[in-house]
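Visitor: Provided below for reference: sequence and predicted model.
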Amino acid sequence: MEKTQLIITPKTKVLELIEAYPHLEEVLIKHVPAFSKLKNPLLRRTVAKIATLQQAASIGNVKTGDLINLLRKEVGQELINTGDETAYNTKKPLWFEETLIEKKFDIREMLAAGEQPVNQVISDLTHLNQGKIYKLTSPFLPAPLIDKAISLKIDHWVLKDRENLVLVYFYKG
């Protein structure tokens, strides 16, 4: 039986992509250097399994359409118009007030140890009191976490503090 060819779209999972087209791993890393961590087997099994190419583009601060079409071109697929862009809130919201921060969590140490913070963060957000803010510190845009929070109807604000440091404030209204 002939193997079905994976069609590359913004919703394609990173792991699906690199399993279907192993040579695209280096192309992806070149355009989204944060994904050099895919060399870590644990992150490869966790982050790459849940992160979509749209989220990867956000993490790398590149346009989704540019990344998708670059990857599609590499494997001979037709270029598409993705209608870009992400819906991550980067403007300071009216609900933000420093005194409302109930809990802070820096995921850098956990990631450096090869651990996945998703379950911890989602548990924290679930238990966050109404009207309070959760401050997350990350070395990159944690797009899958933000998407999960959005699905739980939790607002967010992304603040890129400096290179390799992103602050995300989650608000449970």
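Guide: Arrived safely, thanks for sending.

Visitor: And the helices in this structure?
Guide: Counting by DSSP state H, one finds helices in the chain at the ranges 14-20, 24-31, 41-50, 53-60, 64-74, 108-112, 118-126, 143-151.

Visitor: Point out the most buried one among those.
Guide: helix 53-60 (a mean of 24; mean count of other C-beta atoms under 10 Å). Just so you know, the C-beta spots here come from the backbone N, C-alpha and C atoms, and that holds for glycine as well.

Visitor: got a list of contacts for it?
Guide: 8-14, 17, 28, 31-35, 51, 63-64, 66-68, 71, 86, 88, 140-144, 147 (C-beta atoms under 8 Å, 6 or more residues apart in numbering).

Visitor: Point out where the chain drops to low pLDDT.
Guide: 1-4, 82-87 (pLDDT under 70).

Visitor: At the geometric centre of it, which residue sits there?
Guide: residue 143 (2.5 Å; C-alpha atoms, centre = their mean).

Visitor: In contact with it, which residues are there?
Guide: Residues near residue 143 by C-beta under 8 Å, 6+ apart: 51-52, 54-56, 58-59, 86, 88.

Visitor: JSON lines for those residues, including distance to residue 106?
Guide: As requested, those are exported to JSON lines (distance: C-beta to C-beta, whole Å):
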{"residue": "51", "distance to residue 106": "20"}
{"residue": "52", "distance to residue 106": "25"}
{"residue": "54", "distance to residue 106": "26"}
{"residue": "55", "distance to residue 106": "21"}
{"residue": "56", "distance to residue 106": "22"}
{"residue": "58", "distance to residue 106": "20"}
{"residue": "59", "distance to residue 106": "18"}
{"residue": "86", "distance to residue 106": "23"}
{"residue": "88", "distance to residue 106": "20"}
